[in-house]
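Asker: Quick one, fold the following:
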Amino acid sequence: MGFASVPDRAIDILKKWAKNKVTGIEPLTGDASNRSYFRVRLEKAGKSDRQTVILMVRRAPEGFRGSEEKTAPSEGVPPDDPFVVIGRFLEKNRLPVPAIHYHSPEGDILIQEDLGDETLSDAFVRYPDNEVSLREKSVALLLDLQSLNPGPDMEWMRKRPFSRELYAWEFDHFLEYGVKATTPAEMGVLKNAFSNMSEMLAGSLPGVLLHRDYHSRNLMLNQKGDLTLIDFQDMRFGSPLYDLSSFLFDAYRPVSPALLDKILIDYEKEARKREIVPPSVSALTLRSLLATHAFQRNLKACGRFFYIDRVKGNPSYLASVPQTHKNLEFLAGWEPSLQSAWSLIRPLLKDPADA
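Answerer: Coordinates of the predicted model:
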């Protein structure tokens, strides 16, 4: 039945919750975090067919500098497991998220709705003629997320800013794992450039809810063509362009240059209507900020992929490193203000073949 790879405590909880109707468990390819996922097959009472749920088991925190994500003692802390608290908030506000059937008080075991196996990334490949409509749906969902106003029960979220320090942390992550050996002088120049960029990005636009990892593998597509948002437990409060840039300049399925301008124009129109983008920010400034956010985001992703290989022993993400390099090169050509930074970084980029 595949129980061997599941901790005994999780098996005990699962059997009790399912009333011993478990007929099989299979491990799923997880994300790059400290969470493991399993598809659980259940026998429906009095029926011959089956149903499935997803079991999540979270291991002890691990990661860059001893933590999966940088935090500070003064940051807002949710009253319960962040995935559960945020998921309930999003569901309450009618955003599509997986239903949560059970979660342990410790937050290390969770049973949730099975959304199937097709990510938006998969759908772009299977249904290339639908890419425009799928991207429009994805941007519309992002705008709905950015339009939410956390009430008193989510006030802690406003104390989790995507701050200058966090931008700098992500730049440092890239420098630690994504570049070749450098001289102290080269490293000093890069750190200075990234420090200035962090300051600018952190104060660029009024904060909204941001997913922090909004891309084609964190959106699931069902048979009706509807999207569901996943992997939102690291949500913060920050610039709306962080998530938009993450989606448009995805390391897995970036938007084609032919679609880029149309999507940006449509996003800007709706974001201004919803007062996500203030009138004082010109279209030219918005484009420049988006490009800079995307540049920073791809540097972080590049470093992260090498980190996952070296520290976690998972080389599968190295295949996406070349796309981050291509995205950086495109962005430097698309936004002139990035050309100087690109000229510094380009010769230092690590080749995944040498990892």
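Asker: list the contacts for Phe247?
Answerer: The contact partners of Phe247, by C-beta atoms under 8 Å, 6 or more residues apart in numbering, come to 138-139, 142, 214-216, 255. C-beta: built from backbone N, CA, C; applies to glycine.
Asker: Pick the one among the residues you listed closest to Ser104.
Answerer: Lowest distance from Ser104 to the contacts of Phe247 (C-beta to C-beta) belongs to Tyr214, with 27.2 Å.
Asker: What about the closest residue to the closest one other than its chain neighbours, how many residues nearby?
Answerer: Residue nearest to Tyr214 in three dimensions, not counting chain neighbours: Asp243, with 4.0 Å by C-beta to C-beta, 6 or more residues apart in numbering. Number of residues near Asp243 (other C-beta atoms under 10 Å) recorded here: 24.
Asker: Asp231 now?
Answerer: Neighbours of Asp231 under the rule other C-beta under 10 Å: 19.
Asker: Going forward, count from 387.
Answerer: OK, 387 is where the count begins now, so the last one is Asp617.
Asker: now it: how far from Val408?
Answerer: 25 Å (C-beta to C-beta, to the nearest Å).
Asker: before we move on, what about Ala637?
Answerer: Taken as C-beta to C-beta, the span from Ala637 to Val408 is 36 Å.
Asker: Comparing these two, which shows the higher neighbour count?
Answerer: Ala637 (26 against 19).
Asker: Could I get the phi/psi values of that one?
Answerer: phi -70, psi -10 (degrees, to the nearest 10).
Asker: Please apply the same query to Phe618.
Answerer: Per degrees, to the nearest 10, the backbone of Phe618 is at phi -100, psi 10.
Asker: what residues are up against it?
Answerer: 469, 472-473, 476, 483, 597, 604.
Asker: just to revisit the earlier point, please identify which helix or strand holds the residue nearest to Tyr600.
Answerer: Element membership of Asp629 [criterion: DSSP states H and E] is helix 626-634.
Asker: What of Leu730?
Answerer: helix 725-731.
Asker: ditto for Pro491
Answerer: Secondary structure (DSSP H and E) places Pro491 outside all helices and strands.
Asker: Next, count neighbours for it.
Answerer: Neighbour tally, Pro491, other C-beta under 10 Å: 8.
Asker: Quick check: pLDDT value at it.
Answerer: At Pro491, the model reports a pLDDT of 87.
Asker: repeat for Gln437
Answerer: 89.
Asker: Can you pull the phi and psi angles for Leu605?
Answerer: Dihedral angles phi and psi of Leu605 (degrees, to the nearest 10) take the values phi -130, psi 120.
Asker: Please apply the same query to Ile497.
Answerer: Dihedral angles for Ile497 - degrees, to the nearest 10 - are phi -120, psi 120.
Asker: and what of His489?
Answerer: Residue torsions, per degrees, to the nearest 10, at His489 are phi -140, psi 140.
Asker: Tell me which residues touch it, please.
Answerer: By C-beta under 8 Å, 6+ apart, the neighbours of His489 are 466-467, 469-470, 495-497.
Asker: Drop anything exposed from those residues.
Answerer: Applying 16 or more other C-beta atoms under 10 Å to those, the neighbour count classes 467, 469-470, 495-497 as buried.
Asker: any chance of the residues you listed in a markdown table, plus distance to Val667?
Answerer: As requested, the buried ones among the contacts of His489 are arranged in a markdown table below (distance: C-beta to C-beta, whole Å):
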| residue | distance to Val667 |
| --- | --- |
| Asp467 | 36 |
| Phe469 | 33 |
| Val470 | 35 |
| Ile495 | 44 |
| Leu496 | 39 |
| Ile497 | 43 |
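Asker: Could you provide these in JSON lines, with additional columns for secondary structure, pLDDT and distance to Tyr653?
Answerer: Listed next are the buried ones among the contacts of His489 as JSON lines, based on DSSP: H, G, I helix; E, B strand; the rest coil; pLDDT from 0 to 100; distance: C-beta to C-beta, whole Å:
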{"residue": "Asp467", "secondary structure": "coil", "pLDDT": "90", "distance to Tyr653": "32"}
{"residue": "Phe469", "secondary structure": "helix", "pLDDT": "93", "distance to Tyr653": "27"}
{"residue": "Val470", "secondary structure": "helix", "pLDDT": "94", "distance to Tyr653": "30"}
{"residue": "Ile495", "secondary structure": "strand", "pLDDT": "94", "distance to Tyr653": "38"}
{"residue": "Leu496", "secondary structure": "strand", "pLDDT": "95", "distance to Tyr653": "33"}
{"residue": "Ile497", "secondary structure": "strand", "pLDDT": "96", "distance to Tyr653": "36"}
